[in-house]
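Engineer: Okay, here's the prediction I keep looking at, along with the sequence it came from:
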Amino acid sequence: MILGASSFAGSFSQIASEVESIELYIPKMGLYSNAILRNDLLDKIIDELSTIDLYTSLHAPYFAASPTYPQDVLVDTGDMDDVAFRLIRESIEIAGRLGSRAVVLHPGRVNGNRERAFSSMVGNLRSIAQTAEEHGVMLGLENKEGTDQGNLCTGYAELIRAIEEVNSDNLGITFDIGHANLTCGGNMVKLREFAGAIATYVVHVHVHDNRGIWLEHYDGDEHLAPGKGIIDYSVLNELTGYRGIYNMEVFSMEDVVKGRETILNAIRIP
């Protein structure tokens with residue numbers, strides 16, 4: 001088991017002092033200006049990482065309605081133009097340079113017709129997966145929260161369908177237990193079923209907590225430290241055979257420390 005934290009939780013050195021991996025949250029690292037990658041800034045980050053003993057994963061640009069999300073790097077995988085494909089390709093190339101364990105992708109948005117959006121997303125993901133294969137990179141398609149009805153791939157059936165239709169050795173699932181908890185309405189029986197259903201497809205895991213209900217703030221997607229919400233993290237034991245990164249998507253080092261304790265107490269290590 002590899003424990004990690006997202007780059008917005010603290011400095012690289014702070015994260016390295018508590019866990020073994022860092023997820024580089026590409027959209028919010030200040031690497032882009034008007035959708036153009038600042039290679040000088042990227043080189044500084046790669047140089048810093050070379051001095052620190054951490055595994056890496058990357059979170060690629062995605063779609064977000066939040067005013068805090070940089071508008072020049074919006075990507076809806078269900079409706080992509082040339083700029084969106086370039087942004088995702090650049091994340092894959094960065095991951096290839098770093099030897100990262102996974103690149104996280106968000107599924108697309110419904111945009112009126114769910115089946116049409118799903119079909120478009122699958123076609124786009126096939127193209128993206130080909131790029132990932134060329135760079136030796138694994139992609140993880142993340143399940144989104146069902147409290148936002150505009151999201152594709154909130155339930156495990158649609159998520160698995162997407163993976164199987166793309167049919168690439170370079171695309172698996174990023175299991176986001178916080179999002180799944182919202183989709184399951186805080187029901188641990190349903191959450192355990194969700195985890196078990198996708199277990200063989202999982203290549204990466206996101207860990208954070210919430211109350212399992214819709215809230216006005218981010219549809220309930222609070223990203224609390226594991227242990228501060230209602231999730232029973234023993235559900236993660238349903239991911240039989242998984243030996244990858246459990247990345248904590250939290251916003252402070254205090255939450256990283258709290259989350260690490262919760263996860264270690266919940267997961268049975270063979």
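Structural biologist: Everything's here; your move.

Engineer: What is the burial count for R114?
Structural biologist: When counting by other Cβ atoms under 10 Å, one arrives at 16 neighbours for R114. Where C-beta positions appear, they are placed from N, C-alpha and C, glycine not excepted.

Engineer: So it sits against N151, correct?
Structural biologist: No: taking Cβ atoms under 8 Å as the definition, R114 is not a contact partner of N151, at 10.2 Å.

Engineer: what's the residue closest to the geometric middle of this protein?
Structural biologist: Closest to where the C-alpha atoms of the chain average out (Cα atoms, centre = their mean) is V104, at 4.4 Å.

Engineer: Give me the distance between that one and L42.
Structural biologist: Using Cβ to Cβ, to the nearest Å, one obtains 18 Å as the distance from V104 to L42.

Engineer: Could I get the full set of helices for the protein?
Structural biologist: Along the chain, the stretches classed as helices by DSSP state H are 12-18, 39-49, 82-98, 114-135, 156-166, 177-183, 188-198, 253-266.

Engineer: Contacts for the fifth one next, please.
Structural biologist: Taking contacts as Cβ atoms under 8 Å, 6 or more residues apart in numbering, the residues outside helix 156-166 that touch it are 107, 118, 121-122, 125-126, 129, 141, 143, 152-153, 171-173, 180, 194, 197-198, 201.

Engineer: Measure how far it is from the centre of its chain, please.
Structural biologist: Between the mean C-alpha location of helix 156-166 and the chain-wide mean there is a distance of 16 Å, by Cα atoms, centre = their mean, to the nearest Å.

Engineer: what's the most buried one of the helices of the chain?
Structural biologist: Mean neighbour count (mean count of other Cβ atoms under 10 Å) peaks for helix 177-183 among those, with a mean of 27.

Engineer: low pLDDT regions in this structure?
Structural biologist: Applying pLDDT under 70 to the chain flags residues 270.

Engineer: do you know which of the helices of the chain lies nearest E238?
Structural biologist: Taking Cβ to Cβ as the criterion, E238 comes closest to helix 188-198 out of the helices of the chain, the separation being 3.9 Å.
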